[in-house]
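Peer 1: Build me a model:
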Amino acid sequence: MDLTYPETGATRTGPLPPGYRHLERTAVLDAPLARPAEILMTWGLHERCGLHPEATGPRAAVGVDVSLRFAGVLRIPCRVVWAEESAEFTGFGYGSLPGHPERGEAAFLLEAVGDRTRFTVRSFSVPGTLASRLAAPVARALQTRATERWLTAMAAALRLGPIRPKR
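Peer 2: Predicted structure coming up:
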């Protein structure tokens, strides 16, 4: 399957492409980079957000496909298009595959800031199905809420410990 948009990797290299809705939220986490990086790169954050990831790899890496299931009915297929892990920065971006309700890309970025970590969620998207076009205001509100949820779920994961996806 091919990605449903042409601007592959724009969430990493920026700027975000015109013609899409852009969304970016940032929080500073009271933890060194290694802890949130492990949660993020092993799909633990997605599991904590209730998305039940089914990935072709145990870690986010270029080429790994992940199908996110929500509420047992919605299937959200994505492919990791970039990933990076270093002592100062960890993150990945995934793009929409056919069947995803949106067309575009989302990225999860962790940057070391002393003994704390800056966590940013960045995306660009447009409706990808007739249903998401017809329900665009609702879809945008849900997308904004989900973006906020990534940030709060990561903070909670750091307080409570990681959740590993079921294999």
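Peer 1: Show the subsequent helix or strand relative to the helix or strand of the chain with the lowest mean pLDDT.
Peer 2: Ranking every helix and strand in the chain by mean pLDDT, DSSP states H and E puts helix 130-134 at the bottom, with a mean of 79. Beyond helix 130-134 on the C-terminal side, the first helix or strand identified by DSSP states H and E is helix 136-160.
Peer 1: Show me which residues of the least confident helix or strand of the chain are buried.
Peer 2: residue 132 (16 or more other C-beta atoms under 10 Å). Every residue, glycine included, has its C-beta placed from N, CA and C.
Peer 1: Quick one: residues in contact with that helix.
Peer 2: By C-beta atoms under 8 Å, 6 or more residues apart in numbering, the residues outside helix 130-134 that reach it are 101, 102, 127, 139.
Peer 1: again, 6 Å this time
Peer 2: Contact with helix 130-134 is made by 101, 127, 139, as judged by C-beta atoms under 6 Å, 6 or more residues apart in numbering.
Peer 1: Poorly predicted segments of the protein, please.
Peer 2: Scanning the chain with the threshold set as pLDDT under 70 gives 1, 160-167.
Peer 1: repeat that with 50
Peer 2: Flagging of the chain using pLDDT under 50 yields the residue ranges 162-163, 165-167.
Peer 1: show me where it has strands.
Peer 2: Counting by DSSP state E, one finds strands in the chain at the ranges 21-29, 53-55, 65-70, 74-85, 89-96, 102-113, 116-127.
Peer 1: Can I get the ones you listed in a markdown table including mean neighbour count and distance to residue 11?
Peer 2: Putting the strands of the chain into a markdown table (neighbours: other C-beta atoms under 10 Å; distance: least, C-beta to C-beta, whole Å) gives the following:
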| stretch | mean neighbour count | distance to residue 11 |
| --- | --- | --- |
| strand 21-29 | 15 | 9 |
| strand 53-55 | 19 | 18 |
| strand 65-70 | 17 | 15 |
| strand 74-85 | 18 | 8 |
| strand 89-96 | 23 | 4 |
| strand 102-113 | 22 | 3 |
| strand 116-127 | 20 | 5 |
